[in-house]
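Chemist: Curious how this folds, go ahead:
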Amino acid sequence: MKFTSPTRGKGLLEGYLARKRAEKANGFVPELFRKGRILDIGCGSFPYFLSTTDFKEKYGVDPSLQITSNKDIKLFKQDVTKEKLPFADNYFDVVTMLAVFEHIEHKKLDFVLSEIRRVLKKDGVVIITTPAPWADIVLHFMGDIGLISDIEIHDHKHHYSKGTIEEVIKGVNFKKVKSGYFEGYMNMWFTSTK
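Modeler: Residues are numbered from 1 along each chain as shown. Just a heads-up that it's a prediction; the model follows:
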């Protein structure tokens, strides 16, 4: 599969940042789940994370996909804020949403998280990464000078604190939310189980 930008727009650091998010997400995946199915919501214009992770079955959903077929990854061009995920209940062992949470309008978060919960198997894991609120000014500067995609940065809908995001995740009945920071406290990670 030919690599293209993992995001809309261009930025010198897009590939590097995609690798860092992929490394962080891969670290949270229980080994026994790798024999099952993973869904990456907001997999990007190019499904970088899915192309670098080891799973028996890999699925990606994003409205900006530049490719729609791949022999190793099943891809769906869809906006998850507007319609239900095209999968059966309890279908996935892991669902990831890497650098996507901040692009979803607040009023749509419950719908998207409820859909994630619906398609996750019992005890399945959800993994989310999103920028820390104080990173916003730095990210806009980086977008302005071409280090990251200014299209992506200007599409951010909110900048929630870690505590607020934990409450939103718990609000749709996920168990024990764990969270932390990475990339010099510029990004946050969250994991939870169904």
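Chemist: Give me the pLDDT for the residue with the largest distance to the centre of the chain.
Modeler: In the chain, the greatest distance from the average C-alpha position (C-alpha atoms, centre = their mean) is reached by Ile145, at 24.7 Å. Here the pLDDT value assigned to Ile145 is 87.
Chemist: I'd like to know how far it sits from His154.
Modeler: As judged by C-beta to C-beta, to the nearest Å, Ile145 and His154 stand 14 Å apart. The C-beta positions use only the backbone N, C-alpha and C, and glycine is treated the same way.
Chemist: got a list of what the nearest residue to Lys35 once chain neighbours are set aside touches?
Modeler: Nearest non-adjacent residue to Lys35, counting by C-beta to C-beta, 6 or more residues apart in numbering: Lys56, 5.2 Å away. Contacts for Lys56 (C-beta atoms under 8 Å, 6 or more residues apart in numbering) come out as 34-37.
Chemist: Next, give phi and psi for Lys56.
Modeler: With angles defined as degrees, to the nearest 10, Lys56 sits at phi -60, psi -50.
Chemist: Could you pull out the helices in the chain for me?
Modeler: Per DSSP state H, the chain carries helices over the ranges 14-27, 48-52, 106-119, 136-144, 150-153, 162-170.
Chemist: Now tabulate those helices in a markdown table and tack on distance to Thr130 and mean neighbour count.
Modeler: Supplementary listing: these in a markdown table, determined by distance: least, C-beta to C-beta, whole Å; neighbours: other C-beta atoms under 10 Å:
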| stretch | distance to Thr130 | mean neighbour count |
| --- | --- | --- |
| helix 14-27 | 10 | 17 |
| helix 48-52 | 15 | 21 |
| helix 106-119 | 11 | 17 |
| helix 136-144 | 11 | 15 |
| helix 150-153 | 12 | 18 |
| helix 162-170 | 7 | 16 |
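Chemist: circling back: go through the contacts of Lys56 and say which is closest to Leu17.
Modeler: Of all these, Arg34 has the smallest distance to Leu17: 23.8 Å, by C-beta to C-beta.
Chemist: Make sure that closest one is actually in contact with Asn26.
Modeler: No: the pair Arg34 / Asn26 is not scored as a contact, 9.7 Å apart, by C-beta atoms under 8 Å.
Chemist: which neighbours do the two share?
Modeler: Among the neighbours of Arg34, none is also in contact with Asn26 (C-beta under 8 Å, 6+ apart).
Chemist: Ala132 versus the most centrally placed residue in the chain, what's the distance?
Modeler: With distances taken as C-alpha atoms, centre = their mean, Met97 lies nearest the centre of the chain, 1.8 Å away. According to C-beta to C-beta, Met97 and Ala132 sit 16 Å apart.
Chemist: Equivalent analysis for Glu183, please.
Modeler: With C-beta to C-beta as the criterion, Glu183 and Ala132 are 9 Å apart.
Chemist: do Glu23 as well
Modeler: Taken as C-beta to C-beta, the span from Glu23 to Ala132 is 18 Å.
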